[in-house]
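J.: just a sequence and a predicted model for now, questions to come.
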Amino acid sequence: MWERYNVAGQQAMSQGKQAEAEKHFLLAVTEAEKMGEKDPKLATSLNNLANCLRAQGRYDDADPVYKRAIMAKEKSDGPFSDGLVSILENYATMLRACNRESEAEKHAKRARGIFMMKK
């Protein structure tokens with residue numbers, strides 16, 4: 001079920017149907033939570049939900065979801081995982097949209113550091 005909800009959410013996002021996508025991503029998060037906090041699907045679901053909220057301009061709602069996605073990815077794959085880079089970059093993008101440049105740069109710098117370490 002997790003994959004079905006995730007794919008449906010991505011399809012809805014690509015069609016500009018953010019409200020529909022949000023419902024699917026919330027269901028994906030619920031399914032991923034059943035798999036445990038160390039399952040990488042949780043971080044993916046949370047990141048997708050946060051991106052959806054950001055696309056709707058709901059930055060206050062997206063912020064804690066991004067933070068939770070970062071923590072989930074660190075738990076599932078460690079603090080230097082490749083997948084963490086995209087979550088950090090997504091969060092930095094949202095922070096910049098909120099004029100929180102210093103916070104954004106902190107997360108973007110961490111993402112760059114992980115990326116360079118993997119080269």
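T.: Great, that's in hand. Just so it is clear, the model here is predicted, and its values are computed rather than measured. Residues are numbered from 1 along each chain as shown.

J.: okay, now the unreliable bits of the chain?
T.: Low-confidence segments of the chain, defined by pLDDT under 70: 119.

J.: just the element for the residue most central in space within the chain, please.
T.: Nearest residue to the geometric centre of the chain (CA atoms, centre = their mean): Asn47, 1.5 Å. Asn47 belongs to helix 40-55 when assigned by DSSP states H and E.

J.: pretty sure Leu26 is touching Ala50, no?
T.: No. Using CB atoms under 8 Å, Leu26 is not in contact with Ala50, being 11.6 Å away. Bear in mind the C-beta positions are built from the backbone N, C-alpha and C, glycine included.

J.: these two: who's more crowded?
T.: Using other CB atoms under 10 Å, the more surrounded residue of Leu26 and Ala50 is Ala50, with 27 against 15.

J.: about what we covered before: name the residues that touch the helix holding Asn47?
T.: Residues outside helix 40-55 that contact it (CB atoms under 8 Å, 6 or more residues apart in numbering) are 2, 6, 9-10, 13, 18, 21-22, 25-26, 28-29, 31-33, 35-36, 59, 61-62, 65-66, 68-70, 72-73, 76-77, 83, 86-87, 90-91, 93-94, 97.

J.: next, the buried residues of that helix.
T.: Neighbour counts using 16 or more other CB atoms under 10 Å place 40-54 of helix 40-55 among the buried residues.

J.: and for stretch 92-107?
T.: Neighbour counts using 16+ other CB under 10 Å place 92, 94-95, 100, 104, 107 of stretch 92-107 among the buried residues.

J.: rewinding a little: C-terminal to the helix holding Asn47, what's the next element?
T.: helix 59-77.

J.: need the contact list for Asp61.
T.: Taking CB under 8 Å, 6+ apart as the criterion, Asp61 is in contact with Leu53.

J.: and the gap between it and Glu22?
T.: Using CB to CB, to the nearest Å, Asp61 is found at 10 Å from Glu22.

J.: tell me how many other residues surround Lys38.
T.: With other CB under 10 Å as criterion, Lys38 counts 11.

J.: wait, Gln15
T.: Gln15: 10 neighbours (other CB under 10 Å).
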